[in-house]
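K.L.:
Predicted model, plus sequence, below.
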Number of protein chains: 2
Amino acid sequence: MLDYWNNYPTIQEKLKAVCSLIETQVQVRNQDIQVALTNLAQAGGKMLRPALFLLFSEIGDKAKQDEEQLIKVATSLEILHMATLIHDDIIDDSPLRRGLITVQAEYGKDVAVYTGDLLFTVFFDLLADAMNGSEFLHTNARSMKRLLLGELDQMHIRFDQNQTLSDYLRSVNGKTAELFWLSCIEGAHFGKTDVETQQLAGRIGRNIGVAFQVYDDILDYVSDSETLKKPVLEDLAQGVYTLPLLLAKEAHPEAFSPYLDKKQAITTEEAQKVSALVLEYDGVEKAKEFALSFTEKALAEIELLPDSPGKTMIKQLTSDLLGRDY
Amino acid sequence: MLDYWNNYPTIQEKLKAVCSLIETQVQVRNQDIQVALTNLAQAGGKMLRPALFLLFSEIGDKAKQDEEQLIKVATSLEILHMATLIHDDIIDDSPLRRGLITVQAEYGKDVAVYTGDLLFTVFFDLLADAMNGSEFLHTNARSMKRLLLGELDQMHIRFDQNQTLSDYLRSVNGKTAELFWLSCIEGAHFGKTDVETQQLAGRIGRNIGVAFQVYDDILDYVSDSETLKKPVLEDLAQGVYTLPLLLAKEAHPEAFSPYLDKKQAITTEEAQKVSALVLEYDGVEKAKEFALSFTEKALAEIELLPDSPGKTMIKQLTSDLLGRDY
């Protein structure tokens, strides 16, 4: 999946180093788990979080940077992301992730619990190695905590038809935007930009993160499982009501409640009907507008970054990533 | 459960501070989880790991110690222990822990996964707070990794009748003795003893940890569930063959295999028969001798510690803890 970065050769090169470091970090005696982890890492999405980290580090003063440190911190972000993915798949009973059978589907929940835990220790170990003594050690701990609280919030309001837009936003801010925020602010920090630029980078990251999650939630309503590489309408069946549904339901709650009242017992056909209603009542259109407002906020803030090749790439990526085709 | 420390008033006082810090650290929006965590902490075993940490810190130079740091590190050890307990209970499908319904039995595996994860972040946050910049940050990360690898090893050999004494020891060293090692070496370190004393403390901790786990495994064969505050013979049903069984089976494998061949399908009556065989073939007696050899190693090494009230208390605790009644 590093092909995604063909137009960003400096970033692609560094992401290769991140991949190698992940491979050496996930060496364990248990062969099954090692294979599972290596596969997950190799199938590995776009590696967006380490990429954002590296892109924001590009803005800084190269002369002051520690290349090895940058690769380690970039790696820690992907490892933390992998750990949360593995544990999320336990909660969601997900059979597929990145087009591969999930750790929990292949080896059971038990192995998945410890495999995720093991990745948390690798994350921690990388940070102990790369930033012992830095204030960013706290930043990482607190960020990881907010990430988990976001997951807990989302789980807590499952199947709750009274959940609001602000519940959704709080959960997205925790479970997705938080790690984007961390990747960007940390990239600017270890890239040795000034504190103001770091804060700006964090805000840009958070806005990209929200837009990214909203588009991801839209995909659940407009895509097929082959394109998505995981089952469609999975969130709906799990009682996670995302933005397209919330926005469509706002004006016509009565149309949705007969289906949503069924909770876990909703059938595939009924879920398809909900999906059709979401489209009919402009839930997808409205969600796109919502995402666009965050993308625009991000783009406006990117303009405020100091001029540099890094800035150009960040602008390019934001358009590439959030100007998705449907 | 702090009554256990009535004869160690200095330690008991500090453990109260540890309990308070745990309570403030597990404040989360999700009420259910907070109640579960607070209950677990309050029901909280003997708090052996923070106690050992504090006992070993007593040997050091009080004038150089940072009391607040000591409480934070002591707390981190109990938090890490709690996190692993919660995740272990998922693996074991345990209904009871410390006489209370487990998080997974009460709220489901999903909540238990995230609750354990949340405690990992609290652990990490406490360390970032208490020892940012210290080499012991690495020590903690590596120790946590070995702890998890111990769990993975144990899971990997479940129901394997060919597992050996050395498999058992490796798993015990990882899943139990590692955290005892960490508690003791870290207590000596942050208590400001010299490096040699720290190493000695670590060895003592590891030996106490092995003996402690062996006695714990013996309890499974000689105790009732009311005394134990969790179901008896739970390990056996989960395919975890502990020392009493391994030692009894060594001489008479044919007596055990008809039962063990049933794996998960073993009935309560059959498990009781296995338990009777373990006693008949001296598995418990031999395991006690084995534990005793580790206790004696620990006691001999404790003698090498510099004379101090701390040393006296450590000697007392080791006898109290490992001279259990059956």
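P.N.:
Here it is on my side, so go on. Computed from a prediction, not measured in an experiment: that's the story for all the values here. Numbering: from 1, shown residues only, chains lettered A, B, ... in the order given.

K.L.:
Close to chain B: what parts of chain A are there?
P.N.:
For chain A, the residues in contact with chain B (CB under 8 Å from any CB of the partner chain) are A:28-30, A:33, A:87, A:90-91, A:109-111, A:113-114, A:116-118, A:120-122, A:124-125, A:128-129, A:132-134, A:137-138, A:140-142, A:144-145, A:148-149, A:151-153, A:155-156. C-beta here means a position set from N, CA and C on the backbone, and glycine is covered the same way.

K.L.:
Take stretch A:107-126, keep the C-alpha atoms, and write them as CSV.
P.N.:
Presented in CSV, the C-alpha positions along stretch A:107-126 are these (Å, rounded to 0.1, in the frame of the first residue of the first chain):
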residue,chain,number,x,y,z
TYR,A,107,-7.0,-16.9,16.2
GLY,A,108,-9.9,-16.0,18.6
LYS,A,109,-10.5,-13.1,20.9
ASP,A,110,-8.0,-14.4,23.4
VAL,A,111,-5.0,-14.1,21.1
ALA,A,112,-6.4,-10.8,19.9
VAL,A,113,-6.5,-9.3,23.4
TYR,A,114,-2.8,-10.2,24.1
THR,A,115,-1.6,-9.3,20.6
GLY,A,116,-3.1,-5.8,21.0
ASP,A,117,-1.6,-5.6,24.5
LEU,A,118,1.8,-6.6,23.1
LEU,A,119,1.6,-3.8,20.6
PHE,A,120,0.8,-1.3,23.4
THR,A,121,4.1,-2.4,25.0
VAL,A,122,5.9,-2.0,21.7
PHE,A,123,4.5,1.5,21.5
PHE,A,124,5.6,2.3,25.0
ASP,A,125,9.0,0.8,24.4
LEU,A,126,9.5,2.9,21.2
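
K.L.:
What residues of that stretch count as buried?
P.N.:
For stretch A:107-126, a neighbour-count test (16 or more other CB atoms under 10 Å in any protein chain shown) marks A:107, A:109-126 as buried.

K.L.:
Which ones among those map onto helices?
P.N.:
A:107, A:109-126 (DSSP state H).

K.L.:
tell me the pLDDT at the residue of the stretch 201-326 of chain A found nearest chain B?
P.N.:
Distances between the stretch 201-326 of chain A and chain B by CB to the nearest CB are smallest at residue A:238, namely 10.0 Å. Looking at residue A:238, its pLDDT is 83.

K.L.:
next one: the one 5 residues further on
P.N.:
In this prediction, residue A:243 carries a pLDDT score of 96.

K.L.:
The nearest residue to it once chain neighbours are set aside: neighbouring residues, count only.
P.N.:
Counting by CB to CB, 6 or more residues apart in numbering or on different chains, the nearest residue to residue A:243 once its immediate chain neighbours are dropped is residue A:287, at 4.5 Å. Other residues near residue A:287 come to 23 when the count uses other CB atoms under 10 Å in any protein chain shown.

K.L.:
Check residue A:167 too.
P.N.:
As a burial measure, residue A:167 scores 17 neighbours (other CB under 10 Å).

K.L.:
again, but for residue A:276
P.N.:
11.

K.L.:
Which other helices and strands does the helix or strand it falls within contact?
P.N.:
According to DSSP states H and E, residue A:276 maps onto helix A:268-280. Under the contact criterion of 3 or more CB pairs under 8 Å, 6 or more residues apart in numbering or on different chains; DSSP states H and E, helix A:268-280 touches helix A:195-222, helix A:234-237, helix A:243-251, helix A:253-260.

K.L.:
Show me which positions of the helix or strand just after it end up buried.
P.N.:
Using DSSP H and E, the helix or strand that follows helix A:268-280 in sequence is helix A:283-303. Residues of helix A:283-303 classed as buried by neighbour count (16+ other CB under 10 Å): A:283-284, A:286-288, A:290-291, A:294-295, A:297-299, A:301-302.

K.L.:
Please write out the alpha-carbon positions of stretch A:4-12 in PDB.
P.N.:
Taking Å, rounded to 0.1, in the frame of the first residue of the first chain, the C-alpha atoms of stretch A:4-12 are listed here in PDB:
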ATOM      1  CA  TYR A   4      -0.200   5.500  -2.400                       C
ATOM      2  CA  TRP A   5       2.900   7.600  -1.700                       C
ATOM      3  CA  ASN A   6       4.400   7.300  -5.200                       C
ATOM      4  CA  ASN A   7       4.100  11.100  -5.700                       C
ATOM      5  CA  TYR A   8       5.800  11.800  -2.300                       C
ATOM      6  CA  PRO A   9       9.100  10.000  -2.800                       C
ATOM      7  CA  THR A  10      10.800  11.400   0.400                       C
ATOM      8  CA  ILE A  11       7.900  10.300   2.500                       C
ATOM      9  CA  GLN A  12       7.700   6.900   0.800                       C
END
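
K.L.:
can I assume residue A:16 is in contact with residue A:5?
P.N.:
No: applying CB atoms under 8 Å, one finds residue A:16 not in contact with residue A:5, separated by 9.5 Å.

K.L.:
who has more neighbours, those two?
P.N.:
Each of residue A:16 and residue A:5 has its neighbours counted (other CB under 10 Å); residue A:5 has more, 21 against 13.
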